[in-house]
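>>> Fold the following and give me the result.
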Amino acid sequence: MHSYKHTVNYYETDKMGITHHSNYVRFMEEARIDLLASIGWPYDRLEKEGIISPVVAVECRYKTPSTFADILDIKVRVAEFKGVKLKIEYKMTCNDKVVCEARSEHCFVNDKGMPIRLQKEFPDLYDCLIEHAQEDSGIIL
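Now for the predicted structure:
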């Protein structure tokens with residue numbers, strides 16, 4: 001499991017002073033990019049290799065509001081990877097309170113939008129994601 005910190009900016013809050021719900025998807029993206037970098041596959045490397053990883057699904061469950069200057073601790077993990085879809089889970093907390101629990105799903109395509117067979121075309125990335133999915137398989141967010 002990987003941990004990423006995000007401090008809520010003033011512009012990320014709404015008129016009520018709480019973090020606008022749409023920003024949590026951005027926080028997920030930040031945490032996912034940071035996770036990939038930490039395992040040796042920063043997103044710019046993926047793009048240089050001709051790999052694009054679009055989002056195909058997102059789910060967020062909001063538990064407790066966060067506000068300006070709150071520091072969110074975002075736990076992020078590879079929940080599942082079997083070669084085609086990458087499933088990521090996120091648990092965002094602030095002061096030991098769960099703020100948001102979320103999931104995202106991603107696929108892998110080339111720069112023409114055609115699916116990539118990672119195991120055959122990019123075995124190093126495939127092995128890395130399989131390894132991280134197995135390492136985190138027993139962890140329940």
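
>>> Spell out which helix or strand contains the closest residue to Glu135 other than its chain neighbours, please.
Taking Cβ to Cβ, 6 or more residues apart in numbering, and ignoring the residues beside it in sequence, Glu135 has Val78 as its nearest neighbour in space, at 7.9 Å. The way it works is simple: take the backbone N, C-alpha and C, and place the C-beta from them, glycine included. Here Val78 is covered by strand 71-81, with elements defined by DSSP states H and E.

>>> buried set for stretch 115-131?
Of the residues in stretch 115-131, those scored as buried under the neighbour-count criterion (16 or more other Cβ atoms under 10 Å) are Ile116, Leu118, Phe122, Leu125, Tyr126, Cys128, Leu129, Ile130.

>>> Pull the contacting residues for Ala133.
With contacts taken as Cβ atoms under 8 Å, 6 or more residues apart in numbering, Ala133 has the following neighbours: Val78, Ala79, Glu80, Phe81.

>>> who are the neighbours in contact with the second one?
Which is Ala79. With contacts defined as Cβ under 8 Å, 6+ apart, the neighbours of Ala79 are Lys87, Ile88, Glu89, Arg103, Ala133, Asp136.

>>> Many thanks, have a good one.
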